[in-house]
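[1] Give me a 3D structure for the following:
(4 chains)
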There are 2 protein chains.
Amino acid sequence: MRDVAKAAGVSVATVSHVVNDKPGARIGDDARRRVQDAVLELGYRPNALAKTLSQGGSRFIGLVADAIATTPFAGQIIHGAQDEAWKHGYVLLVANTEGDPVVEKDVIAMMLEHQVHGILYSTWYHREIVVPEILQQTDTVLVDCFSADGALPAVVPDERQGGRTATEQLLAAGHRRIAFINTTTPSPARSDRLAGYRDALEAAGVEFDTRLVLEAEPQQEGGYAAAEAIVASGVTAVFCHNDRVAMGLYDGLRERGVRIPADIAVIGFDNQDVIAAHLRPPLSTVALPHYELGAAGVRVLLGIDPAGEGPTLVACPPVLRASIG
Amino acid sequence: MRDVAKAAGVSVATVSHVVNDKPGARIGDDARRRVQDAVLELGYRPNALAKTLSQGGSRFIGLVADAIATTPFAGQIIHGAQDEAWKHGYVLLVANTEGDPVVEKDVIAMMLEHQVHGILYSTWYHREIVVPEILQQTDTVLVDCFSADGALPAVVPDERQGGRTATEQLLAAGHRRIAFINTTTPSPARSDRLAGYRDALEAAGVEFDTRLVLEAEPQQEGGYAAAEAIVASGVTAVFCHNDRVAMGLYDGLRERGVRIPADIAVIGFDNQDVIAAHLRPPLSTVALPHYELGAAGVRVLLGIDPAGEGPTLVACPPVLRASIG
DNA sequence: CTGAAAGCGCTAACAG
DNA sequence: CTGTTAGCGCTTTCAG
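    Residues are numbered from 1 along each chain as shown, chains lettered A, B, ... in the order given. Model prediction:
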């Protein structure tokens, strides 16, 4: 920068002004031009670190994720967070912890040392967590997770609305006997999607039948294993806890000569693209809004969106494909 | 830091020395203890930005990815890169570009302004790229991609060895008539996996038969469509270009009453966990070493691993499951 | 063994 | 309109 100033025959202050187009500062056209030329000649690039040092507060936002490598979910959160952060002049410092509390503490400490403006603490599936002590030291927003005490702002998917939406797609196609293959794992997804399922049924005047909610491990194997019970139930449609379960169910149904969607319509949840879009027939599902969770997370962190009382709910939109007849 | 110095009754220089346990500097035990106490009392945390400013060179490594949100692949690269970077005291600055050249230029400029030590430029599938001009301005290593002119160090999967390995698994199980469903998309994966397939055949004394290499779109749909030709070929084993193709093939084979692995053994490629581990039967495959690519990338960036003449090849290890009888 | 002082690159008053 | 100067928080000679 000093070099630029020298080359342009002005002071560093002037350079700073033109480089940042400072509003208050009026600079002569000639001087301005000389500076701009010098910047180009010298290939000058401002040092963002020095800038934040002198200004105080940096433009970093930390994003800690517990499982960046297993599903695309964390990737989608990162993507959304980055786009939104970028929009406001912020940059993401990403760290993966694989759920290890020690690593977690270390990476957060690292972020604090780098003067992050705040931290997004995210998990790859919606759940309750206990907030690491060290997060008290900066602004934090929880993404796709929440703490029991509700002390920290959180952004999570609206599982209940998602469950309702899924069921509504089936109802809209004329189905009345609709099974729900829920997960065996206790979680917001488990209880709230079920609640949404019941909401939709009730709204449609269909009586809730306990025998129509089955449980299965939330993987392909679980869906496959549930196939027998599904055909036995005489149902015409199934809402699966997630796309993986639906994938397993496809196999089980096919083995029994049941056609989708002619005999039984199926809807999943998650919109895991690698699976849902490529099953035969392509699977209708409800999307988990990870991108939007990341984006909303930085918005509340930056105070653009209000934090609200409980967790901020992000809608899970339906994604229609061919598995509903 | 000044506060710590004051509280401990020493100078900032002394604080700096004890905080970083400077080798050269001998500090009295009492002074050292006083400083350490003060650090704890005040909850002092060094400012990493100020540190890099004064030291010159930062501890940032930039990682630009073209598609962080679609598959877990980029996530695995990030994971590997971060673990390795961390090990050497570096921190990752991650940016997603979705392949947009403008965004790409912007994020790289941003990274340069943040004084990154170097940049890892990665793609989510192995391919040739044209290197963005701006990357000339810093040390760069290409991860999972390479430039035609070989000007930049690159780290890529060893597709040929992978293709050989896959075929060898089948050969080892006693198969002799082995089909290869290749992709239709020109790429290193396409030509090198084929070369590996031929290598393995030759090494086993099995004659290469052109009619046994089919081509299909590299998705489930492609594999499904290839099923007919596969059964017609009278083959006892199939090497699929990737796991998604294998998944489609499973469907097609099952529809024709062909059992896996009893009638036909199948091996995939990629080790896409969400799919491979949960097909019925679980799919044997060859892993794409994304984690290792990321880690190796930072190693060559930091000069720990030598850059080598051509791209650095990372092995693709076999992952055996139940689809080979 | 420890402190004073200069300087990293930039911004922000404040003078001129 | 433009230049001076004093830091931002830390490291690093260099004296003492």
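
[2] Contact residues of chain A facing DNA strand C?
    By the rule CB under 7 Å from any atom of the strand, the part of chain A lying against DNA strand C is A:1-2, A:12-13, A:16, A:19-20, A:22, A:45-47, A:50-51, A:53-55. To be clear about C-beta, it is placed using only N, CA and C from the backbone, and glycine gets the same treatment.

[3] Please identify which of those is nearest to DNA strand C.
    Comparing those against DNA strand C with CB to the nearest atom of the strand picks out residue A:1 as the nearest, at 2.4 Å.

[4] what number of residues lie near that closest one?
    16 (other CB atoms under 10 Å in any protein chain shown).

[5] if we can go back for a sec, out of the residues of chain A next to DNA strand C, which are buried?
    Buried residues within the residues of chain A next to DNA strand C, defined by neighbour count using 16 or more other CB atoms under 10 Å in any protein chain shown: A:1, A:16, A:19, A:47, A:50-51, A:53.

[6] outside of the strand or helix carrying residue A:61, which residues touch it?
    Secondary structure assignment for residue A:61, by DSSP states H and E: strand A:60-65. Contacts with strand A:60-65, where a contact means CB atoms under 8 Å, 6 or more residues apart in numbering or on different chains, come from A:74, A:77-78, A:81, A:85, A:90-97, A:104, A:107-108, A:111, A:114-124, A:294, A:298, A:301.

[7] Which strands border it, and is each parallel or antiparallel?
    Strand A:60-65 has the following strand partners under DSSP bridges: strand A:91-96 (parallel), strand A:118-129 (parallel).

[8] Just name the most buried of these.
    Stretch with highest mean neighbour count among the strands paired with strand A:60-65: strand A:91-96 (a mean of 25; mean count of other CB atoms under 10 Å in any protein chain shown).

[9] Now the closest residue to DNA strand D within the stretch 151-300 of chain A. Its backbone dihedrals?
    Here the stretch 151-300 of chain A gets closest to DNA strand D at one residue, residue A:298, 24.6 Å apart by CB to the nearest atom of the strand. Main-chain dihedrals, residue A:298, degrees, to the nearest 10: phi -70, psi -30.

[10] And the pLDDT for it?
    We have a pLDDT of 98 for residue A:298.

[11] Just give the nearest non-adjacent residue to it, would you?
    The shortest distance from residue A:298 to any non-neighbouring residue, by CB to CB, 6 or more residues apart in numbering or on different chains, is to residue A:84 (4.5 Å).

[12] Next: residue A:73.
    With CB to CB, 6+ apart as the measure, residue A:124 is the residue that lies nearest to residue A:73, at 4.7 Å, once sequence neighbours are left out.

[13] Residue A:272 too?
    residue A:243 (4.6 Å).

[14] For residue A:237, give its distance to residue A:206.
    Distance of residue A:237 to residue A:206, given as CB to CB, to the nearest Å: 11 Å.

[15] Give me the mean pLDDT for stretch A:208-226.
    Mean pLDDT, computed over stretch A:208-226, is 98.

[16] start to end distance for that stretch?
    Criterion CA to CA, to the nearest Å; first-to-last residue distance in stretch A:208-226 is 19 Å.

[17] For it, buried residues please.
    Going by neighbour count (16+ other CB under 10 Å), the buried part of stretch A:208-226 is A:212-226.

[18] so of these, which ones are in helices?
    Among the buried residues of stretch A:208-226, DSSP state H puts A:220-226 in helices.

[19] Closest to chain B out of the residues you listed?
    Distance to chain B across these (CB to the nearest CB) is lowest for residue A:220, with 4.0 Å.

[20] For residue A:26, list the residues it contacts.
    For residue A:26, no residue meets the contact criterion (CB under 8 Å, 6+ apart).

[21] Contacts for stretch A:37-54 next, please.
    Stretch A:37-54 has contacts (CB under 8 Å, 6+ apart) with A:1, A:3-5, A:7-8, A:15, A:19, A:58-59, A:115, B:47, B:49-50, B:52-53, B:58, B:109-110, B:112-115, B:137.

[22] Helices along chain A, start to end?
    A:2-8, A:12-19, A:29-42, A:48-55, A:73-87, A:101-113, A:159-172, A:188-203, A:220-233, A:243-255, A:273-276, A:290-301.

[23] Give me every residue in the stretch 101-250 of chain A lying close to chain B.
    Neighbours of chain B within the stretch 101-250 of chain A, by CB under 8 Å from any CB of the partner chain: A:109-110, A:112-115, A:137, A:219-221, A:224, A:244, A:247-248.

[24] so who does residue A:219 touch?
    Residue A:219 makes contact with A:244-245, A:248, B:278 under the criterion CB under 8 Å, 6+ apart.

[25] Of those residues, which is the most crowded?
    When neighbours are counted by other CB under 10 Å, residue A:245 leads the contacts of residue A:219 with 30 neighbours.

[26] I figured that residue hits residue A:214, correct?
    No: assessed by CB atoms under 8 Å, residue A:245 is found out of contact with residue A:214, at 10.1 Å.

[27] what angle separates the strand holding residue A:61 from helix A:73-87?
    Calculated by axes from the mean of the first three to the mean of the last three CA atoms, to 10 degrees, strand A:60-65 forms an angle of 170 degrees with helix A:73-87.

[28] okay, strand A:60-65 in CSV with CA atoms only?
    Extracted in CSV, the C-alpha atoms of strand A:60-65 (Å, rounded to 0.1, in the frame of the first residue of the first chain):
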residue,chain,number,x,y,z
PHE,A,60,-15.3,-14.2,9.7
ILE,A,61,-18.2,-16.5,10.6
GLY,A,62,-17.3,-19.9,12.0
LEU,A,63,-19.2,-22.9,11.0
VAL,A,64,-18.7,-26.1,13.0
ALA,A,65,-20.2,-29.3,11.6
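
[29] Fine, thanks again, bye for now.
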